[in-house]
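what follows is a predicted structure for the sequence shown.
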2 protein chains.
Amino acid sequence: MAAKYEEIYQSLLNRIEQEEFPVGETIPKEFDLMEEYACSRDTIRKALQLLSQNGYIQKTKRKGSVVLDRTRYEFPVSGVISFKELASTMHGSVETIVTCCELIKPDEKMKVRMNLSDKDKLWMIERVRKIDGESIILDLDFLNATIVPGITKEIAEHSLYDYIEKELNLKIGYANKEITCQKVSENDKQLLDLKEYDMVVNVDSYTYLTDTRIFQFTRSRHRPDKFRFNDFARRTNTFS
Amino acid sequence: MAAKYEEIYQSLLNRIEQEEFPVGETIPKEFDLMEEYACSRDTIRKALQLLSQNGYIQKTKRKGSVVLDRTRYEFPVSGVISFKELASTMHGSVETIVTCCELIKPDEKMKVRMNLSDKDKLWMIERVRKIDGESIILDLDFLNATIVPGITKEIAEHSLYDYIEKELNLKIGYANKEITCQKVSENDKQLLDLKEYDMVVNVDSYTYLTDTRIFQFTRSRHRPDKFRFNDFARRTNTFS
DNA sequence: ATGTATTTGTACGTATGTATG
DNA sequence: ACATACATACGTACAAATACA
């Protein structure tokens, strides 16, 4: 059962997307929402804060909360989501081909990167992501096998995050990503439909559990013309 | 005067950076922080929420708030900041050359993009950013002159945001960015030290005031080898 | 495996401050 | 200058998760 403020967040989000509250208009004021949802102001404010954080509304004193226009910049949205989840929001046909899925002994670099002890082993999983029949993205994943045991090719084909969260009951907490641009490697050339491009967009992700253990490092290589990253950010650190 | 929770946020941040609270350890529990800062739990929780949002701590029930390691991925950090502010956190020498700063009549595309009426004019500002003597970034800015009047070459050389916030007293609210990869243009070739690269990283930013008016569109072209973007994201939408 | 204590999470209430139309 | 809507801050109570006995 989700918290009340999360349900109110979802409800308001739906109402915004159904255009009950159109872009440019204000949603009802906090006091009215309190009455409507029969809860305290605190709870309403938490829901509104989520809307604000995620770029759906802008709050101003006196005026209220104005609905922002998010239609222009939809996805891929910044966040910790799997390719499966991302794909579910996309239009074209999507396919995953597992080109490698094996247990390896980590090298020194990876030991440092993933904070491994001497006995820890790693799953190395390489996957090609095809969009509308073209090989666009090459994902190379390393997972700490002590934390995430029992990976199979089927799981890698379907969804790692489903397995980790639903089967193993681990809680994924947060991730750091670094986006850079790099020359193509021989491997890129072999596995991706690169056309004439000689560079790829490289996304390195370090993903952690809520208990702060790192369990995954991903190196994701994107064909440059198909790469797009959207970011919503506020000027200050406050909750406004 | 900043809010109390913001001061506590800053104080805790300093203490983390001074390693009074080392990476991997917990900071004092909420109840102790309440006593130390002589405030309510609500206020402490707001401060901790900021730390959590910005990737400094991870909170877990029963255990407390663990300090995360942010040394690996420092900047450029995601957010609405000016080049001047970004440069102040960097090591090398930094220089801005204004190659264009004039008032223009917007074309149709720009009118839609920036939500302009027929009488609105635009400032068009082109700036080359040199880092350690090399021309690395080419910024092309369009500012709504009705909202932001009186731009001069000196302001463009120094800091637009300083002028907008401090002189004009406007409140910058939020921005949307879209990162893509594109072929170099003739203009890129002329103004940047591109070496052999035939692509650039393109960052389009739409920047808004807190009253939701868009006042700026920026197209920023980066030499691919010098581009880096870091992102911190949590798995869920909650405050944890 | 079980229970208990501890720490954070959610929710409610109230009062006052602050920006702004 | 005023009324309004959000912002901050204080307090209380109980729920949920989990480390540890």
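Received the coordinates, thanks.

low-confidence stretches in chain A?
A:1, A:72-78, A:237-240 (pLDDT under 70).

quick one: residues contacting the residue in it positioned nearest to DNA strand C.
Here chain A gets closest to DNA strand C at one residue, residue A:4, 2.6 Å apart by C-beta to the nearest atom of the strand. All C-beta spots, glycine's among them, are computed from the backbone N, C-alpha and C. Going by C-beta atoms under 8 Å, 6 or more residues apart in numbering or on different chains, residue A:4 touches A:37, A:39, A:43.

and the helix or strand harbouring the last one, what does it pack onto?
Here residue A:43, judged by DSSP states H and E, is contained in helix A:41-53. Using 3 or more C-beta pairs under 8 Å, 6 or more residues apart in numbering or on different chains; DSSP states H and E as the contact criterion, the elements in contact with helix A:41-53 are helix A:4-17, helix A:30-37, strand A:57-60, strand A:64-67.

now that helix and helix B:41-53, what's the angle there?
Orientation of helix A:41-53 against helix B:41-53 (axes from the mean of the first three to the mean of the last three C-alpha atoms, to 10 degrees) gives an angle of 20 degrees.

mind listing what's buried along helix A:41-53?
Neighbour counts over helix A:41-53 (16 or more other C-beta atoms under 10 Å in any protein chain shown) mark A:43-52 as buried.

so which of the contacts of residue A:4 are also by DNA strand C?
Among those, the ones lying near DNA strand C by C-beta under 7 Å from any atom of the strand are A:39, A:43.

how about the contacts of residue A:4 in TSV, adding distance to residue B:140?
As requested, these are exported to TSV (distance: C-beta to C-beta, whole Å):
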residue	distance to residue B:140
A:37	46
A:39	47
A:43	45
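
where do the helices sit along chain A?
A:4-17, A:30-37, A:41-53, A:83-87, A:108-113, A:153-158, A:160-162, A:186-191 (DSSP state H).

for residue A:229, which of those helices is the nearest?
Counting by C-beta to C-beta, residue A:229 lies closest to helix A:83-87 out of the helices of chain A; the figure is 11.6 Å.

so the closest one, near chain B or not?
No: remark: helix A:83-87 sits outside contact range of chain B, by C-beta under 8 Å from any C-beta of the partner chain, the gap being at least 10.8 Å.

give me the contacts around that helix.
Helix A:83-87 has contacts (C-beta under 8 Å, 6+ apart) with A:75-76, A:94, A:96, A:127, A:129, A:137, A:139, A:158-159, A:161-162.

run the chain-centre distance for that helix.
8 Å (C-alpha atoms, centre = their mean, to the nearest Å).

then stretch A:64-74?
Relative to its chain's centre, stretch A:64-74 lies at 20 Å (C-alpha atoms, centre = their mean).

show me the domain layout of chain A.
Following automatic domain parsing, one finds the domains of chain A at A:4-67, A:73-230.

looking at these, which is closest to DNA strand D?
The closest of those to DNA strand D is domain A:4-67. By C-beta to the nearest atom of the strand, the value is 3.4 Å.

check whether that closest one contacts DNA strand D.
Yes: against DNA strand D, domain A:4-67 shows contacts by C-beta under 7 Å from any atom of the strand at A:29-31, A:41-42, A:45, A:48, A:59-65.

nearest to residue B:9 among those residues?
residue A:45 (18.2 Å).

go ahead and confirm the closest one touches residue A:31.
No: using C-beta atoms under 8 Å, residue A:45 makes no contact with residue A:31, being 11.3 Å away.

alongside DNA strand D, which residues does chain A contribute?
Near DNA strand D, when you scan chain A using C-beta under 7 Å from any atom of the strand, you find A:1, A:29-31, A:41-42, A:45, A:48, A:59-65, A:171, A:210-211, A:238-240.

filter those down to the buried ones.
Buried, going by 16+ other C-beta under 10 Å: A:30, A:45, A:48, A:59-60, A:64-65, A:210, A:239-240, out of the residues of chain A next to DNA strand D.

out of the residues you listed, the closest to residue B:108 would be?
Nearest to residue B:108 among these, with distances taken as C-beta to C-beta, is residue A:60, at 30.4 Å.

who does the closest one bridge with?
Counting by DSSP bridges, residue A:60 is bridged to residue A:64.

same thing with residue A:124?
The partner residues for residue A:124, given DSSP bridges, come to residue A:102, residue A:142.

what about it, how many residues nearby?
By other C-beta atoms under 10 Å in any protein chain shown, 18 other residues sit near residue A:124.

tell me who's in contact with it.
A:100-104, A:140-142.

just residue A:169 next, same as before
Residue A:169 neighbours (C-beta under 8 Å, 6+ apart): none.

then the one 4 residues further on?
Contact criterion C-beta under 8 Å, 6+ apart gives A:208-212, B:58, B:234-235 as the residues in contact with residue A:173.

who wins for neighbours among the residues you listed?
For these, neighbours tallied by other C-beta under 10 Å; top is residue B:58, 23 neighbours.

what's the spacing between that residue and residue B:66?
5 Å (C-beta to C-beta, to the nearest Å).

what sits in contact with each of the two?
Common neighbours of residue B:58 and residue B:66 (criterion: C-beta under 8 Å, 6+ apart): residue A:212.

so residue A:122 is in contact with residue A:145, correct?
Yes: with contact defined as C-beta under 8 Å, residue A:122 counts as touching residue A:145 (6.0 Å).

mutual contacts of those two, please.
residue A:103.

about what we covered before: of the contacts of residue A:124 - the most surrounded one?
Counting neighbours by other C-beta under 10 Å, residue A:141 leads the contacts of residue A:124 with 22 neighbours.

which residue, other than its chain neighbours, is closest to it?
residue A:125 (4.4 Å; C-beta to C-beta, 6 or more residues apart in numbering or on different chains).

what's the answer for residue A:152, then?
Per C-beta to C-beta, 6+ apart, closest to residue A:152 is residue A:101, 7.3 Å.

who touches that neighbour in this structure?
Shown in contact with residue A:101 (C-beta under 8 Å, 6+ apart): A:123-126, A:151-153, A:156.

which among those residues end up buried?
The buried subset of the contacts of residue A:101 - by 16+ other C-beta under 10 Å - is A:123-126, A:151, A:156.

redo those as CSV? Include distance to residue A:216.
Shown next, in CSV, are the buried ones among the contacts of residue A:101 (distance: C-beta to C-beta, whole Å):
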residue, distance to residue A:216
A:123, 9
A:124, 12
A:125, 10
A:126, 14
A:151, 11
A:156, 13
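
need the max-distance pair from those residues.
Longest span within those, C-beta to C-beta: A:126 and A:151, 12.6 Å.

from residue A:7, how far out is the closest residue to residue A:8 other than its chain neighbours?
Spatial nearest neighbour of residue A:8, excluding adjacent residues (C-beta to C-beta, 6+ apart): residue A:47 at 3.9 Å. Computed as C-beta to C-beta, the residue A:47 to residue A:7 distance reads 8 Å.

which members of the contacts of residue A:173 are the farthest-apart pair?
A:211 and B:234 (14.2 Å).

if we can go back for a sec, now for the contacts of residue A:124: which two are most distant?
A:103 and A:140 (15.0 Å).

for the residue lying closest to residue A:30 once chain neighbours are set aside, give me its contacts.
Once flanking residues are discounted, residue A:30 sits nearest to residue A:44: 5.1 Å by C-beta to C-beta, 6+ apart. Residue A:44 makes contact with A:5, A:8, A:30, A:33-34, A:37, according to C-beta under 8 Å, 6+ apart.

ditto for residue A:16
Residue A:16 makes contact with A:27, A:51, A:56-57, A:67, according to C-beta under 8 Å, 6+ apart.
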